[in-house]
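Asker: Sequence first, predicted coordinates after that:
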Amino acid sequence: MKRSLGSGWIAQGITVMTIACVSVAQAQGKTYQEIVYGQASVKTVAMSEPDRTTEALQLSNAKNSGKVAGPVLVDTAFLFDHRNAELLTDSYLNGRITDKRDNFYRSNEFQTKWLFDSEPSALYDALIENFKNADLYGLNPDDYHAGMLEERVRELYNLSLPAEREVMALDVRITEMYFLFTAHLSEGKIRTAGYSNKLWLRETRPVATDDVLRLAEAKSVKDLDNIFESVQPNSDQYHKLQEALAFYRDLARNAVGQLTAITVNGRIEPLARHKAIPLIRKRLSQFDLHVYPTTLDSITGQWDTLHYDKNLVQGIVAFQLIHGLEPDGVIGPMTVTYLNKSLQSRVEAIAINLDRMRWMQPADAAVDYIRVNIPDYTLRIYENNMEVYKMRVIVGAVENPTPVFNDRVEHVVFSPTWTVPVSIIKNEIIPRLKSNPDYYTEKNYVFYKNGEKIDPSGEAWSSANPGSYRIVQQPGGDNSLGRVKFGMNNSMRIYLHDTPSQRLFAKDYRALSHGCIRLDEPAEFAEFLLRNNSGWDAERIKKEMFSENASTVILRKSYPVHVQYCTAWVDETGRVNFRDDIYGHDRMQLLEFNRPALKVTETIAGL
């Protein structure tokens, strides 16, 4: 029996609807899962084109009924009975999606949105197509059960007019998948950002709340597309990375066979000959779609397949640039490592970085800010969202990783002292003093025990408690913080600073510190930060850096600092860059990212 929606239904609320739902449930005798999933096989079924599917359903139903298709009433008791269903593996989203689902049907006057009494609505096909093409967004289509839902809808309308309870139940499940999809688009799929000692202080973007009302108001496919566009990050980098994902996904799909590992003992210099050159030439062409033809030997008149010629050198230089390597054209161990990475690994790197952009969007929308990308070993300064300066940095070693976090740089300390962390006292200083009690006698350190200054050569270090000591390195050229420190207010005691070990900046691999971020050009950085403080020029900065006494200057303009972990991005020239996953964040987050979003039970497996 078709029921019409009127103000009386809404006003009477849940009591009337509960009675109606119970009676329908008793009459049908089917569970929610049976209605939604039926008895279809768990195997993947090839689906017809959506417009043809809907057309066939419309023709079939037209034969059975001459009336215009319309929505079906959704009983509130049905929604209430399924509020506690643990649908998702992500417990964080379970309650949120249930709340959004219920609020949506309330806003939609408790009517179905995707499925009508005699045929699917126009929005249904558009939604299913978005589910099936979720990989274009960097998501997994299987998370939304598009094929299973499509098959169930086809079965529902195939023979005769379906029971309204079955239409309602399936519409509710499709709505849940819709809100799962928009949640992944707006907040990402990853919940656990860091692991072990690899800290990642996750600061999420504000959660989208208008997708409920906008879905209720949506009347066209364009409206639906606009919702999906609006819930995603609104940045050029995000959209460029999506385009890069499509490009590398196509490359991976079209790749033929397994990659043969490139093996090089030592290094291959430009214009040299090497047996690995034919495979390197092929691999580089697969990666960038450029042709690197074999050169002709001018003496023998034969094709020299082993020659590392000028054109191939140029290709390797470009390859090195987008992987953060020294662009010298020399094929060394790191270049070979990146050449051996599969195209699928590139796809995964882009997908996980897209997901991070959904939940790592800085909470403040400052147009002037400082950004440190840990895997790139680079600090960049932005004004009006445009890069104006960059420099090399050294970040934490794998055993002492730099955390991922947001902060502000608010003051500069010239000729700083360095209070040694207890962990370094325990793991480095005390073991050194055990073997040589006089080691620090002539060095620039002051030792305190329980607040009293002591001579380290007279201590019994074999039984020392590290927590009883405070060790302070005085200002000077050998100070671990160098001659200037840039202070932030985080509780982890992570800051930006100079270093006496300038030679380390020449290395490609620069994960070498105890966790803080060392700067290659600290004087220039200080000059930039202090330009809003009157009287601070390069000469005065240099003078203060070489002073014997520490001094602190509060910045008139503080800057947001975003310490990030990006292993794939598109640069200003349009080139896709990749960096090594030095801390294993990609690897660990991909485990969660690739985990099915929906719980697989025996009932659900009956799909």
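Answerer: Received it, and whenever you're ready, just let me know what you need.

Asker: Okay, now the unreliable bits of this structure?
Answerer: 1-67, 83-86, 159, 204-208, 361-366, 600-607 (pLDDT under 70).

Asker: Tell me how it divides into domains.
Answerer: Listed by automatic domain parsing, the domain ranges of the chain are 7-232, 277-341, 364-591.

Asker: Just the terminal-to-terminal distance for stretch 350-368.
Answerer: 26 Å (C-alpha to C-alpha, to the nearest Å).

Asker: and the domains of the chain as JSON lines, adding distance to I262 and mean neighbour count?
Answerer: Where C-beta positions appear, they are placed from N, C-alpha and C, glycine not excepted. JSON lines is the format used below for the domains of the chain (distance: least, C-beta to C-beta, whole Å; neighbours: other C-beta atoms under 10 Å):
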{"stretch": "domain 7-232", "distance to I262": "28", "mean neighbour count": "17"}
{"stretch": "domain 277-341", "distance to I262": "5", "mean neighbour count": "16"}
{"stretch": "domain 364-591", "distance to I262": "17", "mean neighbour count": "17"}
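
Asker: mind checking which of those domains is nearest Y238?
Answerer: Nearest to Y238, of all the domains of the chain, is domain 7-232, at 6.7 Å by C-beta to C-beta.

Asker: And the strands in the stretch 151-300 of the chain?
Answerer: 295-296 (DSSP state E, counting those that start in this stretch).

Asker: quick one: the helices in it?
Answerer: 164-187, 211-217, 221-231, 236-254, 277-288 (DSSP state H, counting those that start in this stretch).

Asker: related to what we said a few turns ago, CSV for the domains of the chain, including distance to A261?
Answerer: As requested, those are exported to CSV (distance: least, C-beta to C-beta, whole Å):
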stretch, distance to A261
domain 7-232, 28
domain 277-341, 6
domain 364-591, 18
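
Asker: and of these, who's closest to A252?
Answerer: Comparing the domains of the chain under C-beta to C-beta, the one sitting nearest is domain 277-341, at 10.1 Å.

Asker: Could you work out the end-to-end span of the closest one for me?
Answerer: Across domain 277-341, first to last residue, C-alpha to C-alpha, it's 17 Å.

Asker: what about that domain, distance to the chain center?
Answerer: 31 Å (C-alpha atoms, centre = their mean, to the nearest Å).

Asker: now stretch 500-511
Answerer: 27 Å.

Asker: check contacts around the spatially most central residue of the chain.
Answerer: Central residue of the chain (C-alpha atoms, centre = their mean): R356, 2.0 Å from the mean position. R356 sits next to G188, I190, Y565, C566, Q589 when contact means C-beta atoms under 8 Å, 6 or more residues apart in numbering.

Asker: returning to what we had before: please render the helices of the stretch 151-300 of the chain as CSV that adds distance to D478 to the earlier fields.
Answerer: As requested, the helices of the stretch 151-300 of the chain are exported to CSV (distance: least, C-beta to C-beta, whole Å):
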stretch, distance to D478
helix 164-187, 47
helix 211-217, 57
helix 221-231, 53
helix 236-254, 41
helix 277-288, 44
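
Asker: Looking at those, which is nearest to V388?
Answerer: helix 236-254 (16.9 Å).

Asker: Just the buried positions in that closest one, please.
Answerer: Within helix 236-254, the residues that qualify as buried are Y238, L241, Q242, A244, L245, Y248, R249, L251, counting by 16 or more other C-beta atoms under 10 Å.
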